[in-house]
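Colleague: After the sequence you'll find the predicted model.
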There are 2 protein chains.
Amino acid sequence: MTAAELAAYMNTHIPLTRAMAVEVVEANEKCVRLTAPLAPNLNHRKTAFGGSVASLAMLSGWGWLHVRLAELAPRARVVIQRQETNYLAPIDDVFESVCGAPSNVAWQRFSRALGERGRGRLELKAEIYSHGRVAATFRGLYVAAVHERATPP
Amino acid sequence: MTAAELAAYMNTHIPLTRAMAVEVVEANEKCVRLTAPLAPNLNHRKTAFGGSVASLAMLSGWGWLHVRLAELAPRARVVIQRQETNYLAPIDDVFESVCGAPSNVAWQRFSRALGERGRGRLELKAEIYSHGRVAATFRGLYVAAVHERATPP
């Protein structure tokens, strides 16, 4: 899955990414990097709205897992179970969220659980940069599941 | 400050609230209740995007403090320092975030710090409902400050 394919998927299925004007800068197994301009994401202080910052970070984590699972388990559904965002400094310009790969140990544990039980949980971290400095940090717990939910007859 | 005034302030200063179609149902010292429809807040699973859910909760906490400080300290600026959202169930319809007042002890500590040092921190909790059930919980640490930042000459 390329950066353009991830962008197209997000823009089609998650309309808020269009309102936020999210762009995919990089999308591969090493990391997913997303940017958002300030204007559509302003708050009352003329800096970036905390909800936009958390959303961009959440999307970078979800995007990384989406890319990583595209070949391994294309039918897996990924949702978020918990997230925490720390806001370190106000953001007054374009901002970028970078989510990298978790540790090998964490990844092995996750992919084994997904393979054996059809369900795995994985914590991903992201950092949000503006002007080359970390302006916020993010931790998200994602759940991937491959079993379809039973539907009534 | 009325619900209509809070809505107008948010829509003017935080453009993402328009994209999310946030509505203010109630805004007073007891609680702030905000709703958002599903359509502009969809994710790839046809349920509510986690970023929208966290944003609505964050806005309900910020809105409560904004309303509460409108008379007490109208010059105070409120920003978020940290937030955590737990997603308990998928949301497939309109959703509502309710932020109520903190404990009296917490409020007294916050307002004393704001009065004496010009700066106070307050944790607020919100619950996000859909179909009358709690679908997510939120905790946000907000900072209010009344001192203007020093500007270079």
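Modeller: Cool, the structure landed.
Colleague: For A:Thr12, the count of nearby residues, please.
Modeller: Applying other Cβ atoms under 10 Å in any protein chain shown, we find 11 residues neighbouring A:Thr12. Where you see a C-beta, it was placed from the backbone N, CA and C, and this is true even at glycine.
Colleague: Give me the contact list for the helix or strand where it lies.
Modeller: Assigned by DSSP states H and E, A:Thr12 belongs to helix A:3-13. For helix A:3-13, the external contacting residues (Cβ atoms under 8 Å, 6 or more residues apart in numbering or on different chains) are A:17-18, A:22-27, A:32, A:59, A:63, A:66-67, B:42-44.
Colleague: part of a helix, is A:Leu114?
Modeller: Yes: counting by DSSP: H, G, I helix; E, B strand; the rest coil, A:Leu114 is located in a helix.
Colleague: Let me see the contact set for the residue lying closest to it once chain neighbours are set aside.
Modeller: Distance criterion Cβ to Cβ, 6 or more residues apart in numbering or on different chains; nearest residue to A:Leu114, sequence neighbours excluded, is A:Gly120 at 3.8 Å. When the contact criterion is Cβ under 8 Å, 6+ apart, the partners of A:Gly120 are A:109-114, A:143-144.
Colleague: mind listing what's buried in the helix holding A:Thr12?
Modeller: Neighbour counts over helix A:3-13 (16 or more other Cβ atoms under 10 Å in any protein chain shown) mark A:3, A:6-7, A:9-10 as buried.
Colleague: what's the following helix or strand after it?
Modeller: helix A:16-19.
Colleague: That next one: how far from the chain's middle?
Modeller: Distance of helix A:16-19 from the chain centroid (Cα atoms, centre = their mean, to the nearest Å) equals 14 Å.
Colleague: So which residues on chain A come close to chain B?
Modeller: A:9-10, A:13-16, A:19-20, A:39-45, A:49-52, A:54-56, A:58-59, A:77, A:79-87, A:90 (Cβ under 8 Å from any Cβ of the partner chain).
Colleague: Which of the residues you listed are buried? Put it as a PyMOL command.
Modeller: PyMOL command restricting those to the buried ones, with burial defined by 16+ other Cβ under 10 Å:
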select buried, chain A and resi 9+10+14+15+16+19+20+40+41+42+43+44+49+50+51+52+54+55+56+58+59+77+79+80+81+82+83+84+85+86+87
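Colleague: Tell me which stretches of chain A form strands.
Modeller: A:23-27, A:31-36, A:77-87, A:95-100, A:119-130, A:133-145 (DSSP state E).
Colleague: what angle do the helix ranked longest in chain A and helix A:3-13 make?
Modeller: The helix that spans the most residues within chain A, counting by DSSP state H, is helix A:50-72. Relative orientation of helix A:50-72 versus helix A:3-13 (axes from the mean of the first three to the mean of the last three Cα atoms, to 10 degrees): 120 degrees.
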